[in-house]
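**Student:** Would you be able to build a 3D model of this:
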Amino acid sequence: MPEAGSGGPDRDCRSRGGDGVIAQDFARILKTADAESAKSYQLEPAPASPGAYDRESREKSAYERGVAEGTQRARAEAADLLERQCQLLSALVQELRLTRDLWFKDAEEPIAALALAIVRKVLREQGDGLREAVVAQVREALAKVREGGPMKVLVNPGDALLLEEAREAIATSFEGRMTLQVEADPRISSGGCLVETPSRVVDARIEVQLARIAEALRQTIKT
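**Tutor:** Numbering: from 1, shown residues only. Below is the predicted model of the structure:
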């Protein structure tokens, strides 16, 4: 009979069973090592080569340069467009001014003449009222003299009598600082007067006042 502990079937089974356990453990260790290796590979990728860095840098520089050039070109085109529009607007404004000046130049005399005709018509229609207004006209002319002494007042013959009657009242209103001499002059239109002093002449004739109105109208039209 075989001795206990000799290499019988039980020993073979135990040996085979132990080898199986060892094989399984070894396989498990290899599998774990492979998994860790794969994980390490995924977490720590291999560094890129210097050539890849250079290519990426060149591509980035080219992109940035393209953006800068495109921006600069767009700004230049916008500035050029704005300059052309400003020049066009300036030309249009100048043309409008020339057109306005030509129109006003052609219309200046007719407008002034029409205005003067209206004024003359109103003056003629005033009749006696205009002749009475000569007193106020003389007072205004004398106020511009601002000096005393003898004064000669030339008026239309139709206004002379009325002014002679008001002569003393006019002189008194200036506190007697002047003496008035009324003289009829057919060259003076009714309603106007010409005041002569030793040092100056105040022209308040209707024609002169109308001329001033006409000049004011012309200046208004021009502006």
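**Student:** Going C-terminal from the longest helix seen in the chain, what's the next secondary structure element?
**Tutor:** In the chain, taking DSSP state H as the definition, the longest helix is helix 50-126. The C-terminal neighbour of helix 50-126 among helices and strands, as given by DSSP states H and E, is helix 128-145.
**Student:** Checking my notes, residue 203 in a strand, right?
**Tutor:** Yes - counting by DSSP: H, G, I helix; E, B strand; the rest coil, residue 203 is located in a strand.
**Student:** That one reaches residue 194, doesn't it?
**Tutor:** Yes - between residue 203 and residue 194 there is a contact under C-beta atoms under 8 Å: 5.8 Å. (C-beta placed from N, C-alpha, C; glycine too.)
**Student:** In terms of packing, which of those two has more residues around it?
**Tutor:** residue 194 (20 against 14; other C-beta atoms under 10 Å).
**Student:** Report the beta-bridge partners for the more buried one.
**Tutor:** residue 154, residue 203 (DSSP bridges).
**Student:** mind checking how far it is from residue 63?
**Tutor:** Using C-beta to C-beta, to the nearest Å, residue 194 is found at 91 Å from residue 63.
**Student:** just residue 160 next, same as before
**Tutor:** Applying C-beta to C-beta to residue 160 and residue 63 gives a distance of 101 Å.
**Student:** In terms of secondary structure, what does the longest helix of the chain contact?
**Tutor:** helix 206-222 (3 or more C-beta pairs under 8 Å, 6 or more residues apart in numbering; DSSP states H and E).
**Student:** Once you drop chain neighbours, what's closest to residue 140?
**Tutor:** Leaving aside its sequence neighbours, residue 140 sits nearest to residue 204 (C-beta to C-beta, 6 or more residues apart in numbering; 6.9 Å).
**Student:** dump the residue contacts of the one you found.
**Tutor:** Listed by C-beta atoms under 8 Å, 6 or more residues apart in numbering, the contact set of residue 204 reads 137-138, 140-141, 192-195.
**Student:** Next one, pLDDT for it please.
**Tutor:** pLDDT recorded at residue 204 is 86.
**Student:** quick one: residue 183 is in a strand?
**Tutor:** Yes - Residue 183 sits within a strand when classified using three-state DSSP.
**Student:** Distance-wise, check the nearest residue to it once chain neighbours are set aside relative to residue 90.
**Tutor:** Nearest residue to residue 183, sequence neighbours excluded (C-beta to C-beta, 6+ apart): residue 154, at 5.3 Å. Using C-beta to C-beta, one gets 56 Å for the distance from residue 154 to residue 90.
**Student:** who has more neighbours, these two?
**Tutor:** residue 154 (21 against 10).
**Student:** Assess the claim that that one and residue 193 are in contact.
**Tutor:** Yes - Residue 154 is within contact range of residue 193, at 6.4 Å (criterion: C-beta under 8 Å).
**Student:** picking that back up, neighbour count winner among residue 160 and residue 63?
**Tutor:** Legend: neighbour count by other C-beta under 10 Å for residue 160 and residue 63, higher for residue 160 (18 against 10).
**Student:** Name all residues that make contact with the more buried one.
**Tutor:** 182-184.
**Student:** ok, and the most crowded of the residues you listed?
**Tutor:** Counting by other C-beta under 10 Å, top hit in those: residue 182 with 21 neighbours.
**Student:** That one contacts residue 165, doesn't it?
**Tutor:** No - using C-beta under 8 Å, residue 182 is not in contact with residue 165; the gap is 9.6 Å.
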